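Enquirer: Sequence and predicted structure below; questions after.
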Amino acid sequence: MKTFKGLDAVPEGFGPSAVTIGKFDGVHNGHRAVIDRIRRIAADDDLRSVVVTFDRNPLALLAPDKCPDPLVSVRQKLELLGSTGIDATVLLPFDRALASVPATEFVERVLVDTLDAKAVLVGSDFRYGARGAGDVALLQDLGHTFGFTVEVVGDVAPEDGRRVSSTWIRELLADGDVRHATRLLGHAPTVSGIVVHGAKRGRELGFPTANLTPESEGLIPADGVYAGWLTDAGTRYPAAISVGDNPTFEGVPKKQVEAYVLDRELDLYDHVVDVEFVERLRGMVAFTSIPDLIETMHGDVDRARELLVD
């Protein structure tokens with residue numbers, strides 16, 4: 001996949017193309033259904049398949065108090081989009097200049113002049129242009145003028161009629177239900193970050209952990225202990241993962257992510273690793289004694305091993 005950061009990065013004559021536009025937070029199954037459709041159209045009509053997305057949720061600029069935490073970082077989003085087989089992603093910086101572009105000018109500048117769009121896929125609630133003035137009806141009118149078709153795609157609704165959405169996935173992660181979130185995402189919820197030195201309490205207890213920096217990428221699920229995977233330099237290791245403030249000890253930072261790689265001791269300091277969450281084993285508990293904590297940790301590791309290895 002080619003990645004163009006801004007319209008100016010798209011080479012002249014790049015199109016003609018089939019395009020979809022959106023935030024694509026999490027690149028979940030709903031997004032993937034749209035991308036699969038755009039790829040089929042592109043293949044049938046000899047077009048480039050293109051995703052146009054943004055470097056942040058527009059609400060982060062327009063209404064920060066209403067902006068939800070992103071499921072993935074920009075880097076993670078681009079990697080996930082690259083895994084879909086799309087030809088190119090155009091990453092637009094959502095700044096005041098872009099937010100003030102009128103709807104018709106946005107279509108002309110992005111879809112017509114830059115991408116030579118011949119087919120455009122959007123959801124029924126798609127809005128664009130300054131103050132969200134552009135809607136599907138206007139887009140269809142502009143398509144007649146500039147020579148592109150507009151297809152409105154339906155929602156992906158796998159369970160009880162509820163559509164797959166980033167909002168639903170956030171709710172599941174807030175509840176620690178990473179297994180259900182994985183089904184909707186089409187991939188495991190993942191946090192990426194640099195392994196930093198911690199208080200070394202895990203090592204003292206017999207469970208040395210890789211502690212991720214608080215500035216990690218990806219939405220961290222609810223506090224608790226999880227079975228999952230740690231990936232370092234392309235190698236994947238089964239792990240028991242702790243998320244939270246560790247109430248047994250004082251002075252532990254909030255939302256600490258610590259991964260104990262099963263049956264191996266690795267030197268991961270300063271490495272950038274991915275931590276995938278597969279199954280929540282239990283919630284976070286404050287233990288009254290260290291022996292009780294160690295006994296429970298052994299049980300956590302055994303359950304993680306059963307889920308991931310056996």
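Expert: Everything's here; your move. Here the structure is a predicted model, which means the values were calculated and not measured.
Enquirer: residues in contact with residue 138?
Expert: Neighbouring residues of residue 138 by CB atoms under 8 Å, 6 or more residues apart in numbering: 103-104. In this view, the C-beta of every residue, glycine as well, is placed from N, C-alpha and C.
Enquirer: what's the helix or strand for it?
Expert: helix 136-146 (DSSP states H and E).
Enquirer: and residue 4, how many residues sit next to it?
Expert: 19 (other CB atoms under 10 Å).
Enquirer: How about the one 5 residues further on?
Expert: Number of residues near residue 9 (other CB under 10 Å) recorded here: 13.
Enquirer: What of residue 159?
Expert: 11.
Enquirer: Report the beta-bridge partners for it.
Expert: Beta bridges link residue 159 to residue 162 when assigned by DSSP bridges.
Enquirer: Helices along the protein, start to end?
Expert: Taking DSSP state H to define them, one finds helices in the chain at 29-45, 59-62, 74-82, 96-99, 103-106, 136-146, 166-174, 178-185, 201-204, 290-308.
Enquirer: how much space between the residue lying closest to residue 175 once chain neighbours are set aside and residue 58?
Expert: Computed as CB to CB, 6 or more residues apart in numbering, the closest residue to residue 175 that is not its neighbour in sequence is residue 222, at 6.0 Å. Note on residue 222: its distance to residue 58, by CB to CB, to the nearest Å, is 27 Å.
Enquirer: What of residue 164?
Expert: 20 Å.
Enquirer: Same question for residue 287.
Expert: Residue 287 is 44 Å from residue 58, by CB to CB.
Enquirer: ok, the residue nearest to residue 307 when sequence neighbours are not counted - contacts?
Expert: Once flanking residues are discounted, residue 307 sits nearest to residue 227: 4.5 Å by CB to CB, 6+ apart. Contact partners of residue 227, counting by CB under 8 Å, 6+ apart, are 238-241, 278-279, 281, 303-304, 307-308.
Enquirer: Tell me how far residue 31 lies from residue 22.
Expert: Where residue 22 is concerned, residue 31 sits at a distance of 7 Å (CB to CB).
Enquirer: Those two: which is more packed in?
Expert: residue 31 (26 against 17).
Enquirer: Which pLDDT value belongs to the residue nearest to residue 307?
Expert: Listed pLDDT for residue 227 reads 97.
Enquirer: picking up where we left off before, among the helices of the chain, which is the most enclosed?
Expert: Greatest average neighbour count among the helices of the chain goes to helix 178-185 (a mean of 20), per mean count of other CB atoms under 10 Å.
Enquirer: Could you name the helices and strands sitting against that one?
Expert: helix 166-174, strand 272-282 (3 or more CB pairs under 8 Å, 6 or more residues apart in numbering; DSSP states H and E).
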